[in-house]
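Q: Coordinates only, no sequence provided:
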């Protein structure tokens, strides 16, 4: 397994925590937040499933700027080459 040297920034970590605590946040936003938080100060990397979700969020117009920021962070932390 490759080591992920990319980590979630403090700004995105704060956004992710706020999203997790927001009762009205969507399930997708909370999933992206969880993924981003799991990569804070660790060498964990984005799973293939989360890569797919993040990609769909970025390509959709229905998600907020904040959710897209989380998606972009999660996607940028993918290290593995996927087929």
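A: Looks like it arrived, so ask away. Since we're looking at a predicted model, the values are computed, not measured.

Q: what is the mean pLDDT for stretch 66-83?
A: For stretch 66-83, mean pLDDT is 85.

Q: Then stretch 14-33?
A: Mean predicted confidence for stretch 14-33 is 97.

Q: Buried residues, it. List them.
A: Along stretch 14-33, the positions that meet the burial threshold by neighbour count (16 or more other C-beta atoms under 10 Å) are 15-16, 19, 25, 28-33. Heads up, the C-betas are built off the backbone N, CA and C, glycines and all.

Q: center of this structure - which residue?
A: Central residue of the chain (C-alpha atoms, centre = their mean): residue 74, 3.1 Å from the mean position.

Q: now it: how far from residue 63?
A: Distance of residue 74 to residue 63, given as C-beta to C-beta, to the nearest Å: 13 Å.

Q: do the same with residue 29
A: Residue 29 is 8 Å from residue 63, by C-beta to C-beta.

Q: Which of the helices or strands spans residue 19?
A: Following DSSP states H and E, one finds residue 19 within helix 10-21.

Q: helix or strand right after that helix?
A: Assigned by DSSP H and E, the successor of helix 10-21 is helix 27-38.
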